[in-house]
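J.: Give me a model of this one.
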Amino acid sequence: MSSGDEQPRVVIRDKRRIDPTTGAVRTPAGEQPAGVRPGSDLPGEQMSEHETPVAEQAPPQEPTAPQQTADGEDLARQLAERTEDLQRVTAEYANYRRRIDRDRTLAVDQAAERFATQLFPIVDDIERARDHGDLTGAFKLVADRILGLLDGLGVEAFGAAGDEFDPSLHEAVMHDTSAEVSVPTATTVLRRGYRRGDRVLRTAMVAVTEPEAPAPAPAAAEGAEPTDPAAG
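T.: So this is what the prediction gives:
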């Protein structure tokens, strides 16, 4: 038979994935079996889907010395700033507390002084009634309670006959002279004064007696010769 009479060869390829004889799963040509790493002849060496080869994991990088120094300086700077903020807030709070305490004390003092000032006219009447002998009975009990209010507020009276005149404490309404005094003296008290601590709430109204002016020394006669004490 000549070559021209040759019949074409028929190739039958079995593409079934399941072997009909053994029942095993066939692997198509050109594909690696599932779970087998490329280049490995052992089908049992399987890898997890999320497993990374040890050789492919990058080793952790340790911070270098300059980086560690920069981190330490940054922490020290933040600590210094926080400490400064805390000190400033503490100082501001202390100043606030002192200012509040001072304002509270001032408000209490002003209220006490205003109340005491309103009682002074009543106290003057009580003093006049005592001088005339009319401070008796129930009126005396009321008077004692009013005077007790002044004592409770820390208010004390001043101004008595014979005190040396002090312009900051006394208001002079009358003047006279006398040889019996050597300095200006409050000889008569017309109205008593009151003070609370170092603060004068009302000055005392007094009559002041001043010392008499000494007589001027006689002037020596012009042209007179001095007397010699040794001359006899």
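J.: Test my guess that A161 contacts V189.
T.: Yes. Contact status for A161 versus V189: in contact at 5.7 Å, counting by CB atoms under 8 Å. (Glycine included, C-beta is placed from N, CA and C.)
J.: Next up, identify which helix or strand V183 is on.
T.: According to DSSP states H and E, V183 maps onto no helix or strand at all.
J.: Is it in contact with G162, as I believe?
T.: No. Between V183 and G162 no contact is recorded; they are 11.3 Å apart, counting by CB under 8 Å.
J.: got the residue ranges for the strands in this structure?
T.: In chain order, the chain shows strands spanning 155-158, 163-164, 170-178, 185-191, 193-196, 199-202, 204-211, with DSSP state E as the criterion.
J.: and the fifth one, what does it pack onto?
T.: Contacts defined by 3 or more CB pairs under 8 Å, 6 or more residues apart in numbering; DSSP states H and E place strand 193-196 against helix 65-131, strand 155-158, strand 199-202.
J.: Reformat the ones you listed into CSV and put distance to A143 and mean pLDDT next to each item.
T.: Formatted as CSV, the entries for these read as follows, by distance: least, CB to CB, whole Å; pLDDT from 0 to 100:
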stretch, distance to A143, mean pLDDT
helix 65-131, 4, 89
strand 155-158, 14, 93
strand 199-202, 19, 94
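J.: need the ones you listed in TSV with mean neighbour count and distance to T21, can you?
T.: Supplementary listing: the helices and strands packed on strand 193-196 in TSV, determined by neighbours: other CB atoms under 10 Å; distance: least, CB to CB, whole Å:
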stretch	mean neighbour count	distance to T21
helix 65-131	11	67
strand 155-158	18	126
strand 199-202	16	123
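J.: Can you say which of these is nearest to L149?
T.: helix 65-131 (6.5 Å; CB to CB).
J.: List the beta-bridge partners for D176.
T.: Applying DSSP bridges to D176 yields these beta-bridge partners: T209.
J.: residues touching it, list them.
T.: The contact partners of D176, taken as CB atoms under 8 Å, 6 or more residues apart in numbering, are T187, A207, V208, T209, E210.
J.: count of residues packed around the first one?
T.: This points to T187. Counted with other CB atoms under 10 Å, the burial measure for T187 works out to 19 neighbours.
J.: mind listing what it touches?
T.: Neighbouring residues of T187 by CB under 8 Å, 6+ apart: A161, G162, D176, S178, V181, V206, A207, V208, T209.
J.: Buried ones among these?
T.: Neighbour counting over those (16 or more other CB atoms under 10 Å) leaves V181, V206, A207, V208, T209 as the buried ones.
J.: What separation is there between the first one and T203?
T.: It refers to V181. 21 Å (CB to CB, to the nearest Å).
J.: try the last one
T.: Taking CB to CB as the criterion, T209 is separated from T203 by 18 Å.
J.: Please apply the same query to G162.
T.: Between G162 and T203 the computed distance is 17 Å (CB to CB).
J.: Tell me which of the strands of the chain sits nearest to D131.
T.: Go through those one by one with CB to CB and the one that ends up closest to D131 is strand 185-191, at 11.0 Å.
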